[in-house]
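1. Generate a structure from the sequence data that follows.
(3 chains)
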Amino acid sequence: MTDASLPNGGAKSRHGSLTSVDARTKKRNTAEKRFRAYGVVAIATGILFLMVLLYAIITSGAGAFQQTFIKVPVYLDPAKLDKKGERNIDDIKKVSTFGYNPLIQNAVLKAVEDAGIETPLKKSKDMKALISASAAAQVRSSVIENPALIGQTVDFKFLASSRVDGYLKDRVKREDLARDKNIDAEHLDIVDGLMEAGVLKKTFNPAFIFGADASESRAEQAGIGVSMIGSFFMMLVVLFLALPIGVAASIYLEEFAPKNRWTDLIEVNISNLAAVPSIVFGILGLAVFIQFIHLPQSAPLVGGLVLTLMTLPTIIISTRASLKSVPPSIRDAALGVGASKMQSVFHHVLPLAAPGILTGTIIGLAQALGETAPLLLIGMVGYIASNAPDGIASGLLDPNSAMPAQIYEWAKRADPAYYERAWGGIIILLIFLVTMNTLAVFLRRRFERRW
Amino acid sequence: MYDAPNTLGDTVDQTETKISARNVQVFYGDNHAIKDVNVDIENKSVTAFIGPSGCGKSTFLRCINRMNDTIDICRVEGDILLDGEDICDKKVDPVQLRAKVGMVFQKPNPFPKSIYDNVAYGPRIHGLAKNKADLDEIVEKSLRRGAIWNEVKDRLHAPGTGLSGGQQQRLCIARAIATEPEVLLMDEPCSALDPIATAQVEELIDELRHQYALVIVTHSMQQAARVSQKTAFFHLGNLVEYGDTSQIFTNPKDERTESYITGRIG
Amino acid sequence: MSVFWLCMIVLAICVVGFLFGRTRALSSAAGEARQLHSLPNYYGWNVAMKVVVPAFGLMAVWLIAQPIVLESRVAGMIPQSEIKEGSSVGLVMAEVRRAASGLENAVASGALEAGLARDPEADPAMISERLKEAGQVVTAEITQTILQAAQAFSAMSATANWVMTVLVIAIALGAAAMAVRQSDKEYKARNAVEQGILALLIAAASVAILTTIGIVLSLIFNTAEFFRLYPALDFFTLLEWAPSFSGRGGTSQLGILPLLWGTLYISFIALLVAVPLGLFAAIYLSEYATPRVRGIAKPLLEILAGIPTIVYGLFALLTIGPMLVSVFGQDGLGWMSGGRAVMTAGIAMGIMLIPFVSSLSDDIINAVPQAMRDGSYGLGATQSETIKQVILPAALPGIVGAILLAASRAIGETMIVVMGAGAAARLSLNPFEAMTTVTAKIVSQLTGDSDFASPEALVAFALGISLFVITLGLNVFALYIVRKYREQYE
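-> The predicted structure follows:
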């Protein structure tokens, strides 16, 4: 049977000294090093991509938090603003923003002259390109608020136009001006002068974080605040629906479900839903919530419902994992003192699994917060939300946008000034995500039990 | 610390020291797993390492072909000489060493490949075959020596994982032989096998000792007595006693050895 | 009465029932809680549960069914002649609904007398004028028929609301009375409540099934509607995608093949980036890296997976696109005419998928038993030989599964392609050309201004169902492979 008597084919001659590495081994070791290098290169490339991405986000987006302002004293001419002189609020309201524009332009022109800037632009109309279109509304609303200001000279801090802002941020270059009909080189000379005079300054702009979106032509005015509120309400919906439903479903599947077809069907459904493209959930939201149930379009409630369905599998999977990690001895102990199965689960297992459930929920919420595609289909894009909602009901039902949808909307607009705002929006979005994920990691580290 | 080998059993044609270990220490992190072991292992004979679980016998075995290199926290000190060369030397490539010192593991671990590819794997990576016919010959020779040729010759391209446990282990032995080693280390090669398969593997071991220096770790004392010529008894990381198998089992010098083989400790 | 107040009433009945049930059970045991079968609160919860479930159940069913029933009855009132060319029953009904809610709001704000609003002979022109004055949205001219339909609609919903209110309160009270009578010391209240909770748990678990059903039904119905308007054969075989912009023209060419080509091409590029990088990263992390390196590199790579797709979209549009143009564009090699291209989207998507591939492969490589490695090292194989010839072949099915899962991700990805791939459907081999994908077209067809009932919009559902079937198929297949692979080593 065995054939051990065969001569051992020259083993001695083959194995040379161990201390000298033979040629073949050298070749093999080189191959080894090469292979190892591939791995290092792959990881380095991955991390490089991450760094490039973060670099792009930070360098392109940081500018959005700063904005150029022009501070000028404006003479609120009673002859223009209140012709009757009665300070009747209804009369004052009749003066539209067009009535205010000349006052502002005069004020800017005066500031230019005061600063002693030499310029061929002598008319107050020429100053229009420097100032944001929002300036008139700003003056008007403060006049309506306080009619006593009429006749006085009041200091105002206006947003500079997005071209001026772009010039200060190196986005608008002098050599490109020939193609730009919104601003001329002479304007930029004025800007340089005003900057020296301290009239024009680039400062931190809280309105970007807290403000509302603006129309296409007023990039300088747009902020992400209102869509942040939209995202907040969506997250409320997700939290209040996905958490209880997800936990209940997990408890059933993990603790009570008999092994039968129905349970199998649910399991298969959950694992498949986790992999359904998010856009399909958008189609579901459009067809079921908007067309069939007639919920309002663009409402955070609908967005929240869609995101809830999308997040459920994530929450169910992590909740089940943390329920599973509670050892059966705990259940047996509770059952042993005469608790019902339901009591043992709700009194003992669930509290022990709570940190894990919470962690999974936060990660699910973070995922939902960054999701964009389904929101496009239920109309949360393209809508300019100019006012913050004034209550829970309006927050849920009034049309609004959401942070990622707002970013997408800005990225679509033609004015490159909006790109900077899109990157800036991403910084804010990522700050939220990082915070949430850090919280999740912290909770896991702090409360995780090893049995 | 131990009785130096004096006379060798007449079962071996030739007495020649293949491996000699001097002051070998092994650490797992802070744990001192092997303490100051000195041993000479002879060529063309079977040396058995016995001892209670956790006594360090497998750890020491794995030092001999530097398998402990694959464990990050493991550190080996002292000298192990193979044919007079220190294998722990920095210049020694473990890859070359392992081609010379083959190993068979506790659980049969055929690769998820065909029987043929399992055996051909070693010769291929070491470049032992010039061509296909050469390789075929090596495979057949190794399978014959592994005492499994007759059972698998009709299905060389069936997966190795489809064999029975005993066949898998003999396949693994054949696989180890195929690289033409000089020393064959076996780490409890029969612990996962049934008695019939065990008998077959033991018979094979007995055949193989004519060609190789075999070192076998076992915790079956009967097995040690059946297959080995020399026996080393390890306890708590110490080599307690080393000598002819017949002497160890009939007339142990150390109290601990006696306690172990009579079943008082273990 | 508004739904809100109705809910409040039911909840009030529920609270009172809770107290009554608890008290009655206690008094049946002469105040000795120990004599009761269950803790006193369970009796209260038993009553509360039995009030809330039927009352809210009826309300929910009623609220969903009412508009459907009413609309079908009102729709019957509208003669065929009223439906203009280019319009549909749905559009007219939307008009009716708008008019009805306008009338109600106008009456509520006092801009319109209640009698006038209900007068079927009222002058439609005058009514719509008044509605506009009251600040109500009136898009089209209100005709006599629409006015009458709206009035009927309002009247019927008012009646239906009253019937619902009465029924719901009656059921709540009846259920409360019955449940309170049950509250006796012998009654197994805890078991009843636990049964209720269990039912709730089952319902929660079934949401997953409902979601799937919802997805499938909404896709199937709308796709069927699309195939009624547009030949299915053309959809699956035409090599052209050219929707007409007029809205309702029959001249649209709606073939899925160019979109599918774009989708697969971009996914292919993405996998070309992600698979080698992800796989080698996984091999290095699981086989070579020290715990320290692994502890740093793995979370860093996984950050890439946590970044929302909108960020990758923007990155593609504003960073990768211009970068590629500077090399391959007019000033460079001249292969690329714009920033949006298959390459742009593919690279961004590939970066996104690196951690997906690497962490899945990492799991799979780690599942290969250590004995395989030992066996190979014991024969004198180097680490790379072991990986290439033992570990990877052993892990191959699992890795294929992981790649398929990544492919399914790539195919279903939306934001990156919407922003980075372009809008033109094209069957071309040049990866520097703009192409478009199934997902991008779903977005563009459903977010435009086109009429929802037109084939140009409905085609999105047919695209959606194709996408759903493809990704689901890939997933089921991939999970099957991965599971088979895991079983092999368990």
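2. who's in contact with residue B:232?
-> B:39, B:47-50, B:57, B:239, B:241-242 (Cβ atoms under 8 Å, 6 or more residues apart in numbering or on different chains). Quick note: C-beta positions are derived from backbone N, CA and C, even for glycine.
3. 6 Å instead, please
-> By Cβ atoms under 6 Å, 6 or more residues apart in numbering or on different chains, residue B:232 lies in contact with B:49, B:239, B:242.
4. Helices of chain B, start to end?
-> B:57-64, B:94-100, B:115-126, B:132-145, B:149-152, B:165-177, B:195-208, B:221-227, B:245-250, B:255-261 (DSSP state H).
5. Mean pLDDT, distance to chain A and mean neighbour count for these - can I get that in a markdown table?
-> Formatted as a markdown table, the helices of chain B follow (pLDDT from 0 to 100; distance: least, Cβ to the nearest Cβ, whole Å; neighbours: other Cβ atoms under 10 Å in any protein chain shown):
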| stretch | mean pLDDT | distance to chain A | mean neighbour count |
| --- | --- | --- | --- |
| helix B:57-64 | 90 | 13 | 24 |
| helix B:94-100 | 88 | 5 | 23 |
| helix B:115-126 | 91 | 7 | 24 |
| helix B:132-145 | 92 | 4 | 18 |
| helix B:149-152 | 91 | 6 | 17 |
| helix B:165-177 | 91 | 9 | 26 |
| helix B:195-208 | 89 | 4 | 18 |
| helix B:221-227 | 90 | 14 | 19 |
| helix B:245-250 | 91 | 21 | 18 |
| helix B:255-261 | 89 | 30 | 18 |
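6. Between the ones you listed, which one is closest to residue A:116.
-> Nearest to residue A:116 among the helices of chain B is helix B:94-100 (82.2 Å), distances taken as Cβ to Cβ.
7. ok, and what's touching the closest one?
-> A:15, A:18, A:25, B:65-66, B:69, B:87, B:126, B:179, B:181-182, C:380, C:382.
8. ok, 7 Å please
-> With contacts defined as Cβ atoms under 7 Å, 6 or more residues apart in numbering or on different chains, helix B:94-100 is touched by A:15, A:18, A:21-22, A:25, A:28, B:65-66, B:69, B:87, B:126, B:179, B:181-183, C:377-380, C:382.
9. And stretch A:301-314, by the same measure?
-> A:233-234, A:236-238, A:241-242, A:245-246, A:270, A:273-274, A:278, A:281-282, A:284-285, A:289-290, A:295, A:360, A:363-364, A:367-368, A:371, A:374-375, A:378, A:380, A:396-397, A:402, C:207-208, C:211.
10. Need the per-residue pLDDT for residue 94.
-> In the absence of a named chain, chain A is used. At residue A:94, the model reports a pLDDT of 80.
11. nope, chain C
-> pLDDT, residue C:94: 73.
12. And residue C:334, how close does it get to residue C:432?
-> Going from residue C:334 to residue C:432 by Cβ to Cβ, to the nearest Å gives 10 Å.
13. neighbour-wise, which of those two wins?
-> Using other Cβ atoms under 10 Å in any protein chain shown, the more surrounded residue of residue C:334 and residue C:432 is residue C:432, with 19 against 10.
14. a markdown table for the helices of chain B, including distance to residue B:23?
-> Putting those into a markdown table (distance: least, Cβ to Cβ, whole Å) gives the following:
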| stretch | distance to residue B:23 |
| --- | --- |
| helix B:57-64 | 12 |
| helix B:94-100 | 20 |
| helix B:115-126 | 32 |
| helix B:132-145 | 36 |
| helix B:149-152 | 43 |
| helix B:165-177 | 29 |
| helix B:195-208 | 29 |
| helix B:221-227 | 25 |
| helix B:245-250 | 23 |
| helix B:255-261 | 21 |
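15. Reformat the contacts of residue B:232 into JSON lines and put distance to chain A and pLDDT next to each item.
-> JSON lines is the format used below for the contacts of residue B:232 (distance: Cβ to the nearest Cβ, whole Å; pLDDT from 0 to 100):
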{"residue": "B:49", "distance to chain A": "23", "pLDDT": "93"}
{"residue": "B:239", "distance to chain A": "24", "pLDDT": "91"}
{"residue": "B:242", "distance to chain A": "25", "pLDDT": "92"}
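16. Who wins on neighbours among those residues?
-> residue B:49 (30 neighbours).
17. longest helix of the chain?
-> In the absence of a named chain, chain A is used. In chain A, assigned by DSSP H, the helix with the most residues is helix A:23-61.
18. nope, chain C
-> Ranked by residue count, the top helix of chain C under DSSP H comes out as helix C:189-229.
19. Can you get me the centre-to-centre distance for that helix and its chain?
-> Offset of helix C:189-229 from its chain centre (Cα atoms, centre = their mean, to the nearest Å): 13 Å.
20. what's the answer for stretch C:388-399, then?
-> On the basis of Cα atoms, centre = their mean, stretch C:388-399 sits 37 Å off its chain's mean C-alpha point.
21. What are the buried residues along it?
-> C:388-395, C:397-399 (16 or more other Cβ atoms under 10 Å in any protein chain shown).
22. so residue B:113 touches residue B:160, yeah?
-> Yes. At 6.3 Å, residue B:113 counts as touching residue B:160 under the criterion of Cβ atoms under 7 Å.
23. Between these two, which has more neighbouring residues?
-> Neighbours were counted for residue B:113 and for residue B:160 using other Cβ under 10 Å; residue B:160 has more, 24 against 19.
24. I figured residue A:426 hits residue A:58, correct?
-> No. Counting by Cβ under 7 Å, residue A:426 does not reach residue A:58; the two are 9.7 Å apart.
25. Which of these two has more residues huddled nearby?
-> residue A:426 (29 against 13).
26. Number of residues surrounding residue B:264?
-> 10.
27. Flag every residue of the stretch 201-350 of chain C that's near chain A.
-> C:201-202, C:204-209, C:211-212, C:214-215, C:218-219, C:222, C:276-277, C:280-281, C:283-284, C:288, C:297, C:300-301, C:303-304, C:306, C:308-311, C:314-315, C:317-319 (Cβ under 7 Å from any Cβ of the partner chain).
28. Can you tell me how far residue A:345 is from chain C?
-> As judged by Cβ to the nearest Cβ, to the nearest Å, residue A:345 and chain C stand 10 Å apart.
29. Show the pLDDT at that residue.
-> 91.
30. tell me the secondary structure for the closest residue to it other than its chain neighbours?
-> Distances taken as Cβ to Cβ, 6 or more residues apart in numbering or on different chains place residue A:255 nearest to residue A:345, at 5.2 Å, with adjacent residues excluded. Per DSSP: H, G, I helix; E, B strand; the rest coil, the secondary structure class of residue A:255 is helix.
31. and residue A:255, how many neighbours does it have?
-> Neighbour count for residue A:255, taken as other Cβ under 10 Å: 19.
32. Surely it is in contact with residue A:343?
-> No. Assessed by Cβ under 7 Å, residue A:255 is found out of contact with residue A:343, at 11.8 Å.
33. Apart from its chain neighbours, what residue comes closest to the closest residue to chain B within the stretch 51-200 of chain C?
-> Sorted by distance to chain B under Cβ to the nearest Cβ, the residues of the stretch 51-200 of chain C start with residue C:198, at 45.0 Å. Excluding the flanking residues, the one nearest residue C:198 by Cβ to Cβ, 6+ apart is residue A:256, at 6.4 Å.
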